[in-house]
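S.K.: Provided below for reference: sequence and predicted model.
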Amino acid sequence: MPNIERLIGLRLCAAATVALALLASLVPAQAATATDKPPATAKASHKSAAHKTSRKVTQKATQKAAQRKGAHAKAGRAAHKVAIVPARPSVGQLEGLHAVGDDLALKSGVALVVDEATNEVLFSKNPNAVLPIASITKLMTALVVTEAALPMDETLSVTQDDVDATMGNRSRLTLGTQLTRSDMLHLALMSSENRAAHVLGRTYPGGLAHFVDAMNAKARLLGMADTRYVEPTGLSSDNRSSAQDLARLVRAASQQPLIRAYSTSEEAVVPVGRRQVQFRNTNGLVRNPQWDILVQKTGYISAAGRCLVMQAQLAGRQLIMVLLDSAGKYSRIADAERLRKWLGEQHLMPTTLTEFSAVSALSALQPR
């Protein structure tokens with residue numbers, strides 16, 4: 001038995017030795033494996049670091065691009081500001097009319113207020129200056145059309161000639177628009193619609209040239225010696241007149257009921273193609289209850305400045321007011337308000353005329 005136990009013990013020791021040797025051989029192999037191939041976590045860390053580096057580079061590049069874009073935009077804005085061209089001076093400004101002062105500090109280079117019943121001049125500033133009159137022209141256009149007794153219900157069409165003649169000027173009367181002569185006249189007076197005015201002249205018996213001749217003939221008949229017309233819209237700066245002449249025109253135009261009604265109409269809706277289009281009066285004073293306006297017309301081109309003529313009832317007297325070459329979008333309206341208030345304060349007393357005597361001013365307004 002002791003020998004057997006000894007034998008068993010020796011075999012157990014041998015087995016243990018073999019097991020230890022086997023374990024020893026396995027450990028270096030695993031270590032070698034771990035050393036030769038980096039773990040997945042190390043790979044991930046390396047990739048993450050690379051991604052962060054790439055992202056930083058991209059962000060920097062984006063920031064630089066944005067900075068460059070901002071610099072270009074800034075430079076562009078600066079260049080745009082430098083490229084702004086000041087508005088062209090009007091003829092009145094070039095002639096120094098705005099250097100002439102007046103008690104009301106009007107922004108208009110020319111102003112005239114006359115009592116229609118007595119021809120009394122109540123206010124005067126540069127009344128003899130001959131200037132472009134812009135769309136005040138349309139008052140003569142309307143006068144010639146209405147006195148010709150042409151059928152007002154006749155349908156007129158906007159043609160390519162009308163479009164070409166008003167090129168560069170905004171109009172809602174597109175090519176082919178058909179309206180009655182009455183509607184064309186209404187839009188020309190109320191909304192200063194240039195294509196409508198050109199249609200009226202083009203469709204006059206004998207054509208546009210005969211119409212312009214009729215305009216100038218009527219001016220001569222009214223004694224408007226300072227006035228000349230070359231077309232019916234007022235877009236040409238060669239249409240010229242003086243405040244005194246325009247006072248005569250307003251007086252003559254007021255004799256036509258259609259001109260009185262259409263020029264002071266607040267708004268109108270007319271069919272343009274398949275749509276109903278609303279047009280409004282270019283003179284906001286027709287909507288002002290403090291004013292009783294019988295005839296009016298506004299006008300503007302850069303050479304003429306802002307213009308306004310009116311016949312109005314003020315303090316029980318019928319007055320004619322002419323404002324030409326006003327500087328600023330709303331200045332002609334502001335000047336009209338200054339004159340209205342001043343006339344009320346002065347009880348409509350005539351001003352002292354500095355450029356010519358009151359006697360000569362009154363005689364100048366008589367037909368000649």
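M.R.: Cool, got the structure.
S.K.: buried residues in the helix or strand hosting Ala261?
M.R.: Using DSSP states H and E, Ala261 sits in helix 257-264. With burial defined by 16 or more other C-beta atoms under 10 Å, the residues of helix 257-264 counted as buried are 259-260, 262-264. (C-beta placed from N, C-alpha, C; glycine too.)
S.K.: now do stretch 269-278
M.R.: 270, 272.
S.K.: Surely Leu343 touches Leu122?
M.R.: Yes. Applying C-beta atoms under 8 Å as the test, Leu343 and Leu122 come out as touching, 6.4 Å apart.
S.K.: Identify the contacts common to those two.
M.R.: Common contact partners of Leu343 and Leu122 (C-beta atoms under 8 Å, 6 or more residues apart in numbering): 113, 319.
S.K.: Could you check how many residues crowd around Gly185?
M.R.: For the record, residue 185 is Leu, not Gly. Residue crowding around Leu185 was assessed by other C-beta atoms under 10 Å; the count is 28.
S.K.: residues touching it, list them.
M.R.: 142, 145-146, 152, 196, 200, 258, 262.
S.K.: which among the residues you listed gets closest to Pro132?
M.R.: Distance to Pro132 across the contacts of Leu185 (C-beta to C-beta) is lowest for Ala142, with 18.9 Å.
S.K.: So what's the residue count around that closest one?
M.R.: 25.
S.K.: Just confirm it is within a helix.
M.R.: Yes. According to DSSP: H, G, I helix; E, B strand; the rest coil, the state of Ala142 is that of a helix.
S.K.: Verify the stated contact: it with Ala188.
M.R.: Yes. Here Ala142 reaches Ala188: they are 6.6 Å apart, a contact under C-beta under 8 Å.
S.K.: Please enumerate the shared neighbours of these two.
M.R.: With C-beta under 8 Å, 6+ apart as the test, Ala142 and Ala188 both reach Leu200.
S.K.: circling back to that earlier point, roughly how far is the helix holding Ala261 from the heart of the chain?
M.R.: Its chain's average C-alpha position is 26 Å from that of helix 257-264, according to C-alpha atoms, centre = their mean, to the nearest Å.
S.K.: same question, stretch 134-153
M.R.: Centre to centre, stretch against its chain (C-alpha atoms, centre = their mean), the figure for stretch 134-153 is 27 Å.
S.K.: Would you mind writing the CA trace of it as CSV?
M.R.: Coordinates of each C-alpha in stretch 134-153 appear next as CSV, following Å, rounded to 0.1, in the frame of the first residue of the first chain:
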residue,chain,number,x,y,z
ALA,A,134,-44.1,117.2,-66.7
SER,A,135,-47.6,115.8,-66.4
ILE,A,136,-49.3,119.2,-66.0
THR,A,137,-49.2,118.7,-69.8
LYS,A,138,-52.1,116.3,-69.5
LEU,A,139,-54.4,119.2,-68.6
MET,A,140,-53.9,120.6,-72.1
THR,A,141,-54.3,117.1,-73.5
ALA,A,142,-57.6,116.7,-71.8
LEU,A,143,-58.7,120.2,-72.9
VAL,A,144,-58.0,119.4,-76.6
VAL,A,145,-59.8,116.0,-76.4
THR,A,146,-62.9,117.4,-74.7
GLU,A,147,-63.3,120.4,-76.9
ALA,A,148,-62.9,118.2,-80.0
ALA,A,149,-66.2,116.5,-79.0
LEU,A,150,-64.9,113.0,-79.8
PRO,A,151,-67.1,110.1,-78.8
MET,A,152,-66.3,109.2,-75.2
ASP,A,153,-67.7,105.7,-75.5
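S.K.: residues of it that come out buried?
M.R.: In terms of neighbour count (16+ other C-beta under 10 Å), stretch 134-153 has its buried residues at 134-146, 150.
S.K.: can the residues you listed go into JSON lines with extra columns for pLDDT?
M.R.: Below are these laid out as JSON lines (pLDDT from 0 to 100):
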{"residue": "Ala134", "pLDDT": "97"}
{"residue": "Ser135", "pLDDT": "98"}
{"residue": "Ile136", "pLDDT": "98"}
{"residue": "Thr137", "pLDDT": "98"}
{"residue": "Lys138", "pLDDT": "98"}
{"residue": "Leu139", "pLDDT": "98"}
{"residue": "Met140", "pLDDT": "98"}
{"residue": "Thr141", "pLDDT": "98"}
{"residue": "Ala142", "pLDDT": "98"}
{"residue": "Leu143", "pLDDT": "98"}
{"residue": "Val144", "pLDDT": "98"}
{"residue": "Val145", "pLDDT": "98"}
{"residue": "Thr146", "pLDDT": "98"}
{"residue": "Leu150", "pLDDT": "96"}
